[in-house]
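**Q** My questions are about this predicted structure, shown below with the sequence.
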Amino acid sequence: MTGNLLVRGGRVLQGDELVEADVLVRDGVIAAIGRIEPLEGMTIEDATGLIVLPGMIDPHVHVGWPGAADDFAAGSRAALAGGVTTFIEFAVQFPGDALDDVVKEWKRMGEASACDFALHAIVSDSRPETLEAMARVMDAGVTSFKMFMTSQHSGGLGVDDGTLYDIMCRVAELGGLSMAHCENDEVIGHLSERLIADGVVTAAGHSAARPPLVEAEAIARAVRLADAAGSPFYIPHLSSGEGLRAALLDTGRRVPVIAETCPQFLALTADVYARADGAHYVMSPPIKSTEDQATLWAGVIDGRVSTVGSDHCPYPRRFKDENAASDFRRIPNGVPGVETLLPVMYTLGVRTGRMTLADLARICSLNPAKIFGLEDRKGSIAVGKDGDLVLFDPDRRFGTAASDLNSEIDYSIYEEMELWGMPVATVAAGTIVAREQRIVDDAHRGRFLARTPGVALSEFDRRVVAA
Ligand code: URP
Ligand code: ZN
Ligand code: ZN
């Protein structure tokens, strides 16, 4: 990274305030904030009339999942076009894989990433060699570990409770962060069979087989196991009010529990599964009811939900539609989301008056930076941090048609929704990489971010007492 970029005349988010200031990025790092005279050799970017936000951090994407539409290259371009300058991808240990090799392979794939990236590891067994490898993986900067409690949509990645507990114990020993895909495998399997036998074969069946109970029961179980293991616990893609209550119920636990929800749960409701194109919205956990959505919004606003991750995992229409009319169990799970994360949160969060821009930046940048050990470089606009900025126009519409989006996906789940907030320019490490939803620097490459554990996760812990 070389050169100086001077972003002039914008209103820069500093804490809770928008401050009229210039931002100088030197060699990829923020060097000064204030009134800065342009000097020879500086590239000047006029931000007059724009808000300058920190680059968004999406803590939950899948850009290496086999069969999904976006690889690192496409997914990261989509991210940057939408104002996300860092994402955290999941390196997947498929059954039998050696965990070290998995992380090496994912880091290699990440060399194609246009944005900065970090990795979580998905662990699918507790063999001695896997538990040993977890220490090396931690040393390599991969400090969070996700386990699947269900195999229904994950291609056999599900682990039993004993394995989950063993892995959590190892995470605790190493000082990492456990995560789990919390859904009750047996109940989903049982309900799915019954629905299919009753002739409910389309996407509506996917949703009906996963009522809130499925999530809430698994969350309660996982929290108990994480507590017994002594491992801090992060719940990705929380979708239901019942799940949130189960997560935060004060059982006298010792470990912090942190919840993440997804933009699609905040923007859409389960009605989508009755549509002719309902398969396009199939993901796990599925999108839930209006009441669930209201509870999740309340949690985002009052801090019981700490982060919003897109769970970006898009599949092309042809894969989604292949079995859509015959067997919902065979519809690949996952929806696009990284590119629309910021405009969805701006439109439904800030524009509606639910939250401030500072709240948005906290939830979509600072909190993930803190929770996942990236705060020394990311999460806010401050001297010494990476020069990742979004020059943002809140009064411009964000294009939601598939043709407006950079993801390789051939449909859009927000096509019918009016989204506001245009990343007029996205700056990654001091380089302007995207303008108005288009990539303008094809050569830019992101970096792998090795993370360090041990941040004060208790800051994010919230507890509720049963009524
Ligand atoms: O349906 C989803 N969420 N697919 C991606 C994998 C996962 O469970 O996060
Ligand atoms: Zn999951
Ligand atoms: Zn996911």
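**A** The structure has been received and is ready for your questions. Ligands and ions are numbered 1, 2, ... in the order given.
**Q** Nearest to ligand 1: which residue in the stretch 151-300 of the chain?
**A** Met283 (3.5 Å; C-beta to the nearest ligand atom). All C-beta spots, glycine's among them, are computed from the backbone N, C-alpha and C.
**Q** Report the buried residues of stretch 425-440.
**A** 425-435, 437, 439 (16 or more other C-beta atoms under 10 Å).
**Q** and those residues as a markdown table, adding secondary structure and distance to Ser207?
**A** Output for these, formatted as a markdown table (DSSP: H, G, I helix; E, B strand; the rest coil; distance: C-beta to C-beta, whole Å):
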| residue | secondary structure | distance to Ser207 |
| --- | --- | --- |
| Ala425 | strand | 39 |
| Thr426 | strand | 35 |
| Val427 | strand | 40 |
| Ala428 | strand | 37 |
| Ala429 | coil | 41 |
| Gly430 | coil | 45 |
| Thr431 | strand | 42 |
| Ile432 | strand | 42 |
| Val433 | strand | 37 |
| Ala434 | strand | 35 |
| Arg435 | strand | 38 |
| Gln437 | coil | 31 |
| Ile439 | strand | 35 |
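**Q** what mean pLDDT does stretch 9-26 have?
**A** Mean per-residue pLDDT for stretch 9-26: 98.
**Q** cool, stretch 75-87 as well?
**A** Here stretch 75-87 scores 99 as its mean pLDDT.
**Q** What segments of the stretch 101-250 of the chain are helices?
**A** Assigned by DSSP state H, counting those that start in this stretch, the helices in the stretch 101-250 of the chain fall at 128-139, 161-174, 185-197, 203-208, 212-229, 241-248.
**Q** could you redo the buried residues of stretch 425-440 as JSON lines and give each row distance to Gln14 and pLDDT?
**A** As requested, these are exported to JSON lines (distance: C-beta to C-beta, whole Å; pLDDT from 0 to 100):
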{"residue": "Ala425", "distance to Gln14": "19", "pLDDT": "99"}
{"residue": "Thr426", "distance to Gln14": "19", "pLDDT": "99"}
{"residue": "Val427", "distance to Gln14": "17", "pLDDT": "98"}
{"residue": "Ala428", "distance to Gln14": "20", "pLDDT": "98"}
{"residue": "Ala429", "distance to Gln14": "20", "pLDDT": "98"}
{"residue": "Gly430", "distance to Gln14": "19", "pLDDT": "98"}
{"residue": "Thr431", "distance to Gln14": "22", "pLDDT": "98"}
{"residue": "Ile432", "distance to Gln14": "21", "pLDDT": "98"}
{"residue": "Val433", "distance to Gln14": "23", "pLDDT": "98"}
{"residue": "Ala434", "distance to Gln14": "23", "pLDDT": "98"}
{"residue": "Arg435", "distance to Gln14": "24", "pLDDT": "98"}
{"residue": "Gln437", "distance to Gln14": "27", "pLDDT": "98"}
{"residue": "Ile439", "distance to Gln14": "28", "pLDDT": "98"}
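**Q** Might one say that Val338 is in contact with Val308?
**A** No: the criterion here is C-beta atoms under 8 Å, and Val338 misses it with Val308 at 11.3 Å.
**Q** between the two, who's got more neighbours?
**A** Shown here are Val338 and Val308; by other C-beta atoms under 10 Å, Val338 has more neighbours (34 against 29).
**Q** buried set for stretch 99-106?
**A** Leu99, Asp100, Val102, Val103, Trp106.
**Q** What's the end-to-end length of stretch 269-282?
**A** One end of stretch 269-282 to the other measures 12 Å (C-alpha to C-alpha, to the nearest Å).
**Q** if we can go back for a sec, Throw the helices of the stretch 101-250 of the chain into CSV and include mean pLDDT, thanks.
**A** Below are the helices of the stretch 101-250 of the chain laid out as CSV (pLDDT from 0 to 100):
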stretch, mean pLDDT
helix 128-139, 98
helix 161-174, 98
helix 185-197, 98
helix 203-208, 98
helix 212-229, 98
helix 241-248, 98
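**Q** so which of those helices comes closest to Ala79?
**A** Proximity to Ala79 (C-beta to C-beta) singles out helix 128-139 among the helices of the stretch 101-250 of the chain, at 23.7 Å.
**Q** relative orientation of the closest one and helix 161-174 in degrees?
**A** 40 degrees (axes from the mean of the first three to the mean of the last three C-alpha atoms, to 10 degrees).
**Q** May I have helix 128-139 as CSV, with CA atoms only?
**A** Once non-C-alpha atoms are left out, helix 128-139 reads as follows in CSV (Å, rounded to 0.1, in the frame of the first residue of the first chain):
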residue,chain,number,x,y,z
PRO,A,128,-7.4,-36.0,18.9
GLU,A,129,-5.7,-34.7,15.8
THR,A,130,-8.4,-32.1,15.3
LEU,A,131,-8.2,-30.9,18.9
GLU,A,132,-4.4,-30.6,18.5
ALA,A,133,-4.7,-28.8,15.2
MET,A,134,-7.1,-26.3,16.8
ALA,A,135,-4.1,-24.8,18.8
ARG,A,136,-2.1,-24.3,15.6
VAL,A,137,-5.1,-22.8,13.9
MET,A,138,-5.5,-20.4,16.8
ASP,A,139,-1.8,-19.4,16.4
